[in-house]
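>>> Return a 3D structure for these sequence lines:
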Amino acid sequence: MNMKDNEFAISVIIPFYNVKKYFQECLNSLSRQTFQNFEVILIDDGSTDTSIEIAENFSFTHKNVTIIKQDNQGQGKARNQGLKIAKGKYVYFLDSDDYLLDHALEKMWQTAEEYHSDLVLFEGETKFDLVSRGNITAKESENEFKRKKEYPQKLYHGIDIFHELRQNKEYSCSVWLQLITREVLIENDIWFPEGIIHEDEQYSFLVFMNCQKVHVLPEVLCCHRCRLGSTMTSTRGRKNFWGYQKTCQGIVEWSKTCHVSKEHKKMIQKCAGDFFRDTIYGIYFRLPLEEQYAIKEEANAFVRFAKRRKGFGDWELYLISIFWKPYCWWRQREGQQKRKK
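Okay, here's the model as predicted:
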């Protein structure tokens, strides 16, 4: 696939659902772009507010805008719908409550073309709603999506930079920090998992595993809005459990057929283990007891999955999987005592 096979340089794909307060600012940032060889694909995921009117008004005044409507089926399904009809050489997924700096698409395009990249990674800046600042976790900050380490301006193999970013605790699965060649997605059959949240975790993992030429750009190009009601600020529940569980299982399934070095296999195994750890420690045992009981069988099956894989090479996780019932009883009893205090 070369440039003449593509109708546009970039396909900007934006799912939206009830974001009338922020949507116009997102679309206005596209109008201001210094680079205009792009199409916009807007996917209405069953909005019940006036978001669709904002999208339609934008399409009336801008060419190369396509609107897709679907029942509320989640962001994974919506992004896939946009990807199916995308015509750009590159694909960029923008969240409907975020916005781009004026030169963002131009800088993405220039960098990708200069380095002949499959994937360009850049940085983002967090913008807080005044009402949301007091309701977010401590790790959320204006600098969360800015890298502290310096990365040489060269091309990396996807699996190598994935490993390095994780080691430096600077890896992000956020798709709005990535410009990806559409050809890579098509040839490797990479799609977003549907029907779950945290769908960008498994998608981004597969993107990194399949990209041969990755460039890390040390520049902020997107502003990410942190607001109440988003996936990142909402209290974690069953949907979060299912999303992380599916990601862990997806990574394991991919690792069965991959052809990588022993070192990289070990790294991928640890990645799956980290998702298991986060699912059990960070989500399951923090749920109210009635919620834990409601998904008890699913949690037990997930632990058996980890046990068959020797705790993903982590002795602590393996021991927990072996002694799951008494460990689970102890953690739930401990949680009850804390609630009584």
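>>> What about the spatially closest residue to residue 295 that is not a sequence neighbour, how many residues nearby?
Distances taken as C-beta to C-beta, 6 or more residues apart in numbering put residue 238 closest to residue 295, at 5.8 Å, once the chain neighbours are dropped. For the C-beta atoms, the positions are set from N, CA and C on the backbone; glycine is no exception. Look at residue 238: counted by other C-beta atoms under 10 Å, it has 15 neighbours.
>>> go on, the one 5 residues further on?
Other residues near residue 243 number 25, with proximity taken as other C-beta under 10 Å.
>>> distance of residue 258 from residue 319?
27 Å (C-beta to C-beta, to the nearest Å).
>>> Now do the SS call for the nearest residue to residue 108 once chain neighbours are set aside.
Distances taken as C-beta to C-beta, 6+ apart put residue 179 closest to residue 108, at 4.3 Å, once the chain neighbours are dropped. Secondary structure, DSSP: H, G, I helix; E, B strand; the rest coil: residue 179 is strand.
>>> Residue 90 is in contact with residue 179, correct?
Yes. Counting by C-beta atoms under 8 Å, residue 179 does reach residue 90; the two are 5.3 Å apart.
>>> Would you point out which residue is most central in this structure?
Closest residue to the average C-alpha location of the chain: residue 200 at 2.7 Å, with C-alpha atoms, centre = their mean.
>>> Please enumerate the helices of the stretch 101-250 of the chain.
Taking DSSP state H, counting those that start in this stretch, the helices of the stretch 101-250 of the chain run over residues 104-115, 158-167, 182-187, 199-210, 238-257.
>>> Tell me the buried residues in the third one?
Looking back up the chat, that one is helix 182-187. For helix 182-187, the neighbour count (16 or more other C-beta atoms under 10 Å) marks 182, 183, 184, 185 as buried.
>>> Dump these to CSV, plus pLDDT and distance to residue 196.
Shown next, in CSV, are the buried residues of helix 182-187 (pLDDT from 0 to 100; distance: C-beta to C-beta, whole Å):
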residue, pLDDT, distance to residue 196
182, 98, 24
183, 97, 26
184, 98, 23
185, 98, 19
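>>> pLDDT below threshold where in the chain?
In the predicted model of the chain, residues 1-5, 130-142, 227-236, 337-341 satisfy pLDDT under 70.
>>> For the longest strand seen in the chain, C-alpha coordinates in CSV please.
In the chain, with assignment by DSSP state E, the single longest strand is strand 214-226. Taking Å, rounded to 0.1, in the frame of the first residue of the first chain, the C-alpha atoms of strand 214-226 are listed here in CSV:
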residue,chain,number,x,y,z
VAL,A,214,8.4,3.1,15.9
HIS,A,215,9.4,6.7,16.4
VAL,A,216,9.1,8.4,19.9
LEU,A,217,8.4,12.1,19.4
PRO,A,218,9.2,14.3,22.6
GLU,A,219,6.4,16.8,21.9
VAL,A,220,2.9,17.4,23.3
LEU,A,221,0.3,17.3,20.5
CYS,A,222,-3.0,16.5,22.3
CYS,A,223,-4.8,17.8,25.3
HIS,A,224,-6.7,15.1,27.3
ARG,A,225,-9.6,16.1,29.4
CYS,A,226,-10.0,14.6,32.9
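>>> Pull the distance from it to the chain's centre.
Distance of strand 214-226 from its chain centroid, counting by C-alpha atoms, centre = their mean, to the nearest Å, is 14 Å.
>>> helices or strands up against it?
strand 99-100, helix 104-115, strand 119-128, strand 155-156, helix 158-167 (3 or more C-beta pairs under 8 Å, 6 or more residues apart in numbering; DSSP states H and E).
>>> What distance do you get for residue 119 to residue 178?
Noted for residue 119: a distance of 6 Å to residue 178, by C-beta to C-beta.
>>> any common contacting residues for the two?
residue 207 (C-beta atoms under 8 Å, 6 or more residues apart in numbering).
>>> picking up where we left off before, so the residue nearest to the centre of the chain touches residue 192, yeah?
Yes. Counting by C-beta under 8 Å, residue 200 touches residue 192, with 7.2 Å between them.
>>> Next, work out how far apart residue 60 and residue 217 are.
Applying C-beta to C-beta to residue 60 and residue 217 gives a distance of 34 Å.
>>> and of the helices of the stretch 101-250 of the chain, who's closest to residue 86?
Closest to residue 86 of those is helix 182-187 (C-beta to C-beta; 6.0 Å).
>>> now that closest one, how far from the chain's geometric center?
18 Å.
>>> Can you tell me what sits against that helix?
Among residues not part of helix 182-187, those counted as contacts by C-beta under 8 Å, 6+ apart are 1, 6, 11, 83, 86, 88-91, 118-119, 190-191, 207, 210-211.
>>> and if we set it to 6 Å?
For helix 182-187, contacts defined as C-beta atoms under 6 Å, 6 or more residues apart in numbering pick out 1, 91, 118, 210, 211.
>>> Could you do stretch 16-36 as well?
So stretch 16-36 is contacted by 45, 47, 49-51, 54, 58, 96-97, 99-100, 102-103, 105-106, 109 (C-beta under 6 Å, 6+ apart).
>>> By neighbours, which of those wins?
residue 96 leads those on contacts (other C-beta under 10 Å) with 28 neighbours.
>>> Setting the sequence-adjacent residues aside, check what's closest to that one.
Closest to residue 96 by C-beta to C-beta, 6+ apart is residue 16, at 3.8 Å.
>>> Now do the one you found: how many residues are near it, please.
26.
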